[in-house]
Every structure is written in structure tokens, then in C-alpha cells.
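>>> Test case, fold it:
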Amino acid sequence: MRFETFIAKRFLPTDGASRNISRHSLVATVSIALGVLVMVTAVCILRGFQAEIRHKVVGFGSHIVVQSYQMGNTYETATPVATDRPEVARLREAPGVRHLQFFAQKGGMVKTADQIHGIILKGVDRTFDTSFFAQHLVKGTLPALWHPTDEACNEVLISQTVADKLQVALGDKLRTYFWQDNNYRARAFTVCGIYKTDLTDFDNHYIVGDLRQVQRLNNWDSNMVDGYEIEVTDPVSGQTFSGHLDATANQLLQLIGYDLTLTTIVQQNPALFSWLDLLDSNIVLIITIMILVCAVAILSALLIMIFEKTSTIGMFKALGISNGGVRRIFLIKAGSIILRGILIGDAVALLLCGLQHRFQFLRLDSASYSMDFVPIDLNPWIFVLVSLGTLILCLLTLLLPTAYISNIHPAKTIRFE
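Here you go, the predicted structure:
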């Protein structure tokens with residue numbers, strides 16, 4: 001054991017002055033613990049909120065969409081693309097691509113006895129990844145898209161918002177009307193399931209049905225679709241969501257024909273993702289304020305420790321300990337206070353975040369927050385980076401007050417009783 005560490009561990013004898021120091025050390029420990037608790041919890045919540053919103057938006061439109069350059073006015077392309085183009089095989093085998101699926105959309109309206117509501121029918125087939133809608137399914141089942149027949153499935157999946165507005169339930173007929181070739185076409189779908197994602201812009205309009213319904217409404221062949229939805233792999237450590245999508249999109253752009261265009265989910269929803277990126281500034285602000293609180297707390301405790309132990313510092317110097325050695329004693333003692341506060345804050349934050357992640361006892365108004373519970377991102381790197389940053393910045397803050405030790409002279413501080 002080094003001499004400085006040995007002295008620092010036995011630095012506080014049981015006299016009145018040391019009890020005063022102990023009280024300030026306790027205050028510093030509690031302040032640091034609370035600061036770390038607030039920082040870790042805030043980052044976990046904000047990161048969880050960003051991840052939950054991204055997950056829902058991607059669930060409706062996937063990460064990357066490949067379509068024709070010629071866009072229509074009713075949420076579908078003016079020129080469809082074929083499912084047997086050579087680009088499909090290249091895209092499926094491209095690095096970073098997890099899944100590729102076909103889709104087609106058709107804008108229309110639903111009419112009941114006393115309501116008219118605009119909708120977007122999203123047609124999908126057996127290649128569609130149904131895990132997102134299965135996760136947010138409230139009632140019923142998903143449309144039976146797996147039947148290998150030419151007969152289009154009449155079942156559709158609607159949102160809880162649409163069901164409430166139109167007063168329809170499972171098994172009810174949904175009479176829809178679509179404009180095509182200067183005329184309208186009517187369809188009667190059967191509600192097989194109801195989903196709820198709490199994303200107002202999507203829940204208000206999207207219903208999910210058979211791709212063959214959209215193809216027949218548009219007089220398309222069975223191999224014609226609006227485009228391809230591509231799900232990419234997760235970003236690597238240190239890479240942002242937007243940066244990962246842009247990098248993957250640039251690679252895939254080299255694999256498609258000149259008559260196709262490629263857009264990411266971020267480019268399709270710029271306002272939403274700009275708002276999510278803006279939340280990062282809140283994280284920075286919270287961390288800055290809390291680190292300042294931690295630094296002031298440990299700085300106050302260290303200054304009191306130095307002032308109360310001035311005579312002891314003079315004695316150390318008289319015994320031949322250098323200024324650097326004395327400074328290290330105080331830094332070790334302050335470091336132990338910081339480390340104790342960080343560990344306590346991390347433990348409480350892990351307990352609270354773990355309970356919320358498991359039981360979701362903190363609820364939210366889904367109409368205001370697009371989710372009905374406080375989301376938590378239990379990423380261990382959040383705990384590591386917040387703790388390490390707090391420790392380093394607090395220790396750097398202590399370098400200046402410990403410089404005062406060099407101005408303490410043994411002859412002026414040692415007193416004999």
C-alpha cells in the first residue's frame with residue numbers, strides 16, 4: 001500500500017473537527033449520489049423515449065424505402081415497380097440488409113352511417129414482417145395473408161383510433177371507397193384486428209390489408225407494387241441512427257436502377273426526427289447542471305477538509321512529505337467520497353430503472369407522449385460513461401484547491417499546546 005493511500009484511509013480521527021468534516025463528506029456523498037441518479041435516470045428515460053418513437057415509426061415504414069421516381073397524389077406511386085427486378089436479389093444479399101418486403105398503398109375513405117374518415121390502405125403480402133403489429137395488437141388477429149391462393153383476403157387491421165371514431169368492432173364490415181381512373185371503387189373489408197401505437201399521425205389513417213387488394217384496385221399485375229421496404233441491421237457502437245441509415249442507404253443506392261429512388265425513414269419524417277435529435281440537447285443540459293452540482297459539493301467538502309487540517313498538513317511537510325504527496329492524500333480522500341457517491345447513485349438508478357423497465361409502474365398520457373408508460377433504455381454504457389465522466393470531471397475540479405496546499409508553511413501552522 002502506498003504511503004498516501006495509507007494516510008488517506010486513516011485521515012479522520014474521532015475529534016470534534018473530524019466530525020465536522022464527516023458531516024460535509026456525507027453531504028458531498030449524498031449530493032454526488034443524487035446527481036448521478038438524476039443523470040443516469042434522465043439519460044435512460046430520454047434514450048428510451050427516442051428508441052420507442054423510432055421503433056414505432058420504423059414499424060410503419062421500415063428503415064429504407066425504394067420506389068419509382070414518379071410519385072402519385074394518393075400515397076402510391078404513379079408508376080409501380082416489379083417484384084422480380086434484378087435489384088431485389090441484390091438488395092436482399094447486400095451487407096447491412098436484414099429484411100426486404102413489398103408493399104403498396106392506396107388513399108381512400110371509410111363511410112359509416114354518420115361518419116366519413118380518410119384512410120390509407122397499406123397492402124402487404126406474406127413477406128411482410130408482422131412482428132411490429134403483433135406487438136401492438138389490442139384485439140383480434142392479423143390479416144390472413146399466408147393463404148397461397150389468388151383470392152385476395154378481405155380482412156384488414158385497423159387502429160384503435162379509427163375504431164373509436166367510426167364505432168366499429170371486430171367482425172364489422174368496413175365500407176371503403178377509393179378513387180381510380182376518374183371513378184370510385186368500393187370495397188367491403190372485415191375488421192379482423194385492432195392495433196394501437198399511440199402515434200397520432202399514423203393511427204389516424206393507416207389500415208393494413210392484403211397487397212392483392214391494392215393491386216386490383218390499381219389494375220396492376222400480381223408482380224407490381226409501390227416499392228420495397230428494407231429493414232437494416234442495428235448500428236454499431238458509436239454510430240448514430242441517422243448516420244447508420246445514411247451510410248447504408250448510400251451503399252444500396254449503387255445497387256438500384258436509375259428509374260428508382262431511395263429514401264430513409266428520417267428523410268420521410270424530417271420534423272419528427274429533428275425533434276428527437278433536439279432531445280439530445282436536454283440530455284447535455286441535465287448532465288452539465290448535475291456535474292456542476294457534484295463538483296461544487298465535493299469542492300466544498302475538500303476545502304473544509306483542507307482548512308480544518310491545516311496544522312496536520314504542516315506536520316506532514318515537517319516530516320518531509322512533499323507538496324505533491326500531501327495533495328495526493330487529499331485527492332485520494334476526495335476520490336473515495338466521489339466514488340462512493342457514484343456507486344450509490346448507480347445502484348439506486350439501476351434499481352429504479354430496472355423496476356420501471358420490468359413493471360412500467362410510471363404511466364403517461366398516451367395522447368400527449370405517444371406512449372402510455374415511461375420508457376427505459378437499460379444500456380450499461382450509459383452507467384459507465386456517466387459515472388466515468390463524473391469521476392474525471394470532479395477530480396479535475398479538485399486540482400485547483402489542492403494547489404493551496406503548496407502555500408502552507410510548517411512553521412506557521414504547527415502549534416504546541
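
>>> Quick check: chain neighbours aside, which residue is closest to the residue nearest to the spatial centre of the chain?
Centroid-nearest residue in the chain, with Cα atoms, centre = their mean: residue 51, separated by 2.7 Å. Spatial nearest neighbour of residue 51, excluding adjacent residues (Cβ to Cβ, 6 or more residues apart in numbering): residue 377 at 5.7 Å. Placement of C-beta: from N, CA and C, glycine included.

>>> Look up how far residue 383 lies from the one you found.
Counting by Cβ to Cβ, to the nearest Å, the gap from residue 377 to residue 383 is 11 Å.

>>> Give me the more crowded residue out of those two.
residue 383 (22 against 18; other Cβ atoms under 10 Å).

>>> So that one versus residue 35, what's the distance?
Residue 383 sits at a distance of 14 Å from residue 35 (criterion: Cβ to Cβ).

>>> which sections of the stretch 201-350 of the chain are below the confidence cut-off?
237-238, 309-310, 312-314, 316-324 (pLDDT under 70).

>>> the helices in it, which residues?
Here the stretch 201-350 of the chain has its helices, by DSSP state H, counting those that start in this stretch, at 211-217, 241-253, 265-268, 270-308, 310-318, 323-359.

>>> buried sites along the first one?
It stands for helix 211-217. If you call a residue buried by 16 or more other Cβ atoms under 10 Å, then helix 211-217 has these buried ones: 211-215, 217.

>>> Nearest to residue 89 among those?
Minimum distance to residue 89 across these is 19.6 Å, recorded for residue 211 (Cβ to Cβ).

>>> residues contacting that closest one?
102-104, 123-125, 145, 225 (Cβ atoms under 8 Å, 6 or more residues apart in numbering).

>>> of these, buried ones?
Buried residues within the contacts of residue 211, counting neighbours by 16+ other Cβ under 10 Å: 102-104, 123-125, 145, 225.

>>> okay, the helices of the stretch 201-350 of the chain, which one's buried deepest?
helix 211-217 (a mean of 22; mean count of other Cβ atoms under 10 Å).

>>> picking that back up, which one of the buried ones among the contacts of residue 211 sits closest to residue 63?
After measuring those against residue 63 - Cβ to Cβ - the closest member comes out as residue 103, at 13.4 Å.

>>> Contact partners for the closest one?
By Cβ under 8 Å, 6+ apart, the neighbours of residue 103 are 122-124, 128, 211, 225-229.

>>> thinking again about what came up before, out of the helices of the stretch 201-350 of the chain, which gets nearest to residue 84?
Of all the helices of the stretch 201-350 of the chain, helix 211-217 comes closest under Cβ to Cβ, at 14.3 Å.

>>> Tabulate the CA atom coordinates of the closest one in CSV.
The C-alpha trace of helix 211-217 is given here as CSV (Å, rounded to 0.1, in the frame of the first residue of the first chain):
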residue,chain,number,x,y,z
LEU,A,211,-51.5,-6.4,-51.1
ARG,A,212,-53.6,-8.0,-53.8
GLN,A,213,-56.5,-5.7,-52.9
VAL,A,214,-54.4,-2.7,-53.8
GLN,A,215,-53.1,-4.3,-57.0
ARG,A,216,-56.7,-5.0,-58.1
LEU,A,217,-57.8,-1.5,-57.2
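
>>> how far is it from where the chain is centred?
On the basis of Cα atoms, centre = their mean, to the nearest Å, helix 211-217 sits 36 Å off its chain's mean C-alpha point.

>>> Repeat that for stretch 392-405.
How far stretch 392-405 lies from its chain's middle: 35 Å, per Cα atoms, centre = their mean.

>>> List of residues touching that stretch?
By Cβ under 8 Å, 6+ apart, stretch 392-405 touches 32, 291, 294-295, 298-299, 302-303, 306, 313, 323, 326-327, 330-331, 334-335, 338.

>>> give me that answer again for 10 Å
Stretch 392-405 is contacted from outside by 28, 32, 35, 287, 291-292, 294-303, 305-307, 309-310, 313, 316-317, 323-331, 334-335, 337-339, 341-342, using Cβ atoms under 10 Å, 6 or more residues apart in numbering.

>>> what do you get for stretch 126-134?
Outside of stretch 126-134, the residues within contact range by Cβ under 10 Å, 6+ apart are 55-56, 58-60, 62, 83, 98-103, 122, 124, 137, 141-143, 145-148, 157, 193, 195, 197, 206, 208, 210-211, 228-229, 231.

>>> Can you tell me which of those end up in strands?
Counted as lying in strands by DSSP state E, out of those, are 98-103, 122, 124, 137, 157, 193, 195, 206, 208, 210, 228-229, 231.
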